[in-house]
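Asker: Here is my input, please return the structure:
(chains A and B, ligands or ions: 2)
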Amino acid sequence: MKLLRDTSLIFNRQMQLLLRNPVWILVGVFQPVMYLLLFAPLLKPALQVPTNAEAYEIFVPGLLVLLAIFGGLFQGFGLIAELRAGVIERSRVTPVSRLALLLGRSLRDVVSLIAQAVIITLLALVFDLRVFVPNLLLAYLMLALISLMTSALSYGVALVVKSEDALAPLMNTVAQPVLLLSGILLPLTYAPGWLQGVADWNPFSWAVNGTRALFRGDLGAPDVWQGLLIMAVLAVVAVGWAAREFARSVR
Amino acid sequence: MIETRGLRKSFVSRQGREKKTVEAVRGVDLTVAEGEIFGFLGPNGAGKTTTLRMLATLIVPDDGSATIAGADLRADPGEVRRRIGYVAQGGSTWDDSTAREELVLQARLYGASKSDALARAARVLEGFQLTEYADRKCKTYSGGQRRRVDIALGIIHEPKVVFLDEPTTGLDPQSRAHMWDEIRRLRAEGMTVFITTHYLDEADALCDRISIMDNGEIVASGTPAELKREISGDVVRVGLPVDAVPAAVQALTSYKTETYEDNVRLYVEDGAVAIPQILRALDAAGVPLGTVELHRPSLDDVFLTKTGRSLRES
Ligand SMILES: Nc1ncnc2c1ncn2[C@@H]1O[C@H](COP(=O)(O)OP(=O)(O)O)[C@@H](O)[C@H]1O
Ligand SMILES: [Mg+2]
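Answerer: Ligands and ions are numbered 1, 2, ... in the order given. As a prediction, this is how the structure comes out:
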């Protein structure tokens, strides 16, 4: 009960501050829209699929997963600003739940990601993308889990390193191989065998395969439950770890 | 109200490969009575903040124990949190929030209902004369206003004890005087106030009792008057032209002296007897004189006799 109450207090404050600066939402949508308009048209010939719809079916889920990963990983910067302003320390002397300090923030990140995802999906409809609503909702669940995990991870790391200078290279080092080895931008169907083998060890590769299956309308594909399960487990682990960092002493 | 025994904390910091251990606090025993303004006086790096952070449950002591407002720091930090307020040295407000929003959230984090939180916020805003600015973003406040918001945040839940880490550092003289009044008001409302400071005049004028801290240890405790009385004798301050200071020090080697830019202080048994002798010695050495004053010892003199250094310089 207390956890729920505390989480909603933190979440509401964070949402209020986010909405006070709607510029960030615009920026967050602008970039993916550019990908949608300028990059996606190259895909039909490149992927050798007969229609635009099919190209978008492959590309849009990848783009959304990409947004979820990167959006989450860079949330730590905001936390470092809060650390510096003394806001975190002020919360830590109150009896507020430490898990709520994390969840309130991560849930804001999940909500803003889903908002971005909805806008992008709606836009893709204009380009003949078609997807069943139940499948779409499951895909959003996948995105929410990814974003919960990456943002918690980023907060935990931010609390450990405590400086932007250390966080930026760290997050980039994590993000780049994750991106290249997951088939996020292009499916790894045409990749050499060794690359596919490496990608099997990348949890995000499972997530993106699952999301693509959902967009394809293939709800029964094992990729779907496997991806959801892997992301759920990792999200729980990341949240647990990051909440402990909130409880530990922070300078 | 607060009782500590042997509190200790050291930090390990890495510089490249080398690990260095800093003993920030090395065995602090202190007792703070209910309803007093207690002060920690000491130079930067003395360990004041580290001690406060331990008492506020933000860091766990390496050793020692403490009871705060009846709750045991080690056994029940959650209960300590409910009974204390803590205002950090570096501030605690967010640029894009308003004072009222911050106060309402803070009250709710302490468990207040929404309507109770709003009422509390209105009340402390009024008390700290912040109502006028309450709905402006914190980044638009002056240093003094922002500091008052910090303190209002620390006491919104009406704690029994409030810790204020350097509440007036960086404020202009007028805001400082204002802040002193606010702190006295908290005492009048029945709160026990524990402040840290490196200002001598603040410790002297504001605090009922102080502990002088240096290098992680308490070197003296008592009321400011008691501490000053402990130093027997008087202080003679001889004002000089700046270039005459070295010659004066030469001429006065038989006294216990402390040298400043344009004056020398001498610690003597009896000022009335010593002044003619001092004047003669300076005259014989041909040192041009500015002024001569006789002082009772200040807290800086207390610090000097306990640590061998002046607080003004460290
Ligand atoms: N988190 C930390 N890591 C390493 N050293 C620290 C840390 N916090 C404080 N110190 C060191 O402990 C000593 C005491 O610091 P502090 O308690 O902040 O002193 P004060 O508040 O009296 O200025 C200083 O030498 C400081 O550098
Ligand atoms: Mg300090």
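
Asker: got any ranges where the chain has weak pLDDT?
Answerer: Just so you know, I chose chain A. Residue ranges of chain A with pLDDT under 70: A:249-251.

Asker: that answer is for a different chain, and I need it for chain B
Answerer: Within chain B, the stretches with pLDDT under 70 are B:232, B:312-314.

Asker: how about the strands in it?
Answerer: B:2-15, B:18-32, B:37-41, B:63-68, B:71-72, B:84-87, B:161-165, B:192-197, B:209-214, B:217-222, B:234-239, B:256-259, B:263-268, B:291-295 (DSSP state E).

Asker: can you tell which of those strands is closest to residue A:119?
Answerer: Residue A:119 lies closest, by Cβ to Cβ, to one member of the strands of chain B: strand B:84-87, at 42.3 Å. Where C-beta positions appear, they are placed from N, C-alpha and C, glycine not excepted.

Asker: The closest one near ligand 1 anywhere?
Answerer: No: using Cβ under 6 Å from any ligand atom, strand B:84-87 stays clear of ligand 1, coming no nearer than 13.5 Å.

Asker: close to ligand 2, is that strand?
Answerer: No: interface with ligand 2: strand B:84-87 contributes nothing (Cβ under 5 Å from the ion), its closest point being 12.1 Å away.

Asker: JSON lines please, covering the strands of chain B and showing distance to residue A:59 and mean neighbour count.
Answerer: Listed next are the strands of chain B as JSON lines, based on distance: least, Cβ to Cβ, whole Å; neighbours: other Cβ atoms under 10 Å in any protein chain shown:
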{"stretch": "strand B:2-15", "distance to residue A:59": "46", "mean neighbour count": "15"}
{"stretch": "strand B:18-32", "distance to residue A:59": "50", "mean neighbour count": "16"}
{"stretch": "strand B:37-41", "distance to residue A:59": "62", "mean neighbour count": "25"}
{"stretch": "strand B:63-68", "distance to residue A:59": "59", "mean neighbour count": "19"}
{"stretch": "strand B:71-72", "distance to residue A:59": "58", "mean neighbour count": "16"}
{"stretch": "strand B:84-87", "distance to residue A:59": "52", "mean neighbour count": "26"}
{"stretch": "strand B:161-165", "distance to residue A:59": "54", "mean neighbour count": "24"}
{"stretch": "strand B:192-197", "distance to residue A:59": "59", "mean neighbour count": "25"}
{"stretch": "strand B:209-214", "distance to residue A:59": "64", "mean neighbour count": "24"}
{"stretch": "strand B:217-222", "distance to residue A:59": "66", "mean neighbour count": "18"}
{"stretch": "strand B:234-239", "distance to residue A:59": "81", "mean neighbour count": "19"}
{"stretch": "strand B:256-259", "distance to residue A:59": "77", "mean neighbour count": "15"}
{"stretch": "strand B:263-268", "distance to residue A:59": "79", "mean neighbour count": "20"}
{"stretch": "strand B:291-295", "distance to residue A:59": "82", "mean neighbour count": "13"}
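
Asker: Tabulate those strands (CSV), appending distance to residue A:224.
Answerer: CSV is the format used below for these (distance: least, Cβ to Cβ, whole Å):
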stretch, distance to residue A:224
strand B:2-15, 46
strand B:18-32, 49
strand B:37-41, 61
strand B:63-68, 54
strand B:71-72, 51
strand B:84-87, 49
strand B:161-165, 53
strand B:192-197, 58
strand B:209-214, 62
strand B:217-222, 64
strand B:234-239, 83
strand B:256-259, 79
strand B:263-268, 82
strand B:291-295, 83
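
Asker: Which of the ones you listed sits closest to chain A?
Answerer: Among the strands of chain B, strand B:84-87 comes nearest to chain A, with 4.4 Å by Cβ to the nearest Cβ.

Asker: Confirm residue A:70 sits in a helix?
Answerer: Yes: assessed by DSSP: H, G, I helix; E, B strand; the rest coil, residue A:70 belongs to a helix.

Asker: Counting neighbours, what do you get for it?
Answerer: Neighbours of residue A:70 under the rule other Cβ atoms under 10 Å in any protein chain shown: 16.

Asker: residues in contact with the residue nearest the centre of chain B?
Answerer: What sits nearest the mean C-alpha location of chain B, by Cα atoms, centre = their mean, is residue B:197, with 1.7 Å. Contacts of residue B:197 were listed using Cβ atoms under 8 Å, 6 or more residues apart in numbering or on different chains, and they are B:39, B:40, B:41, B:166, B:167, B:168, B:169, B:203.
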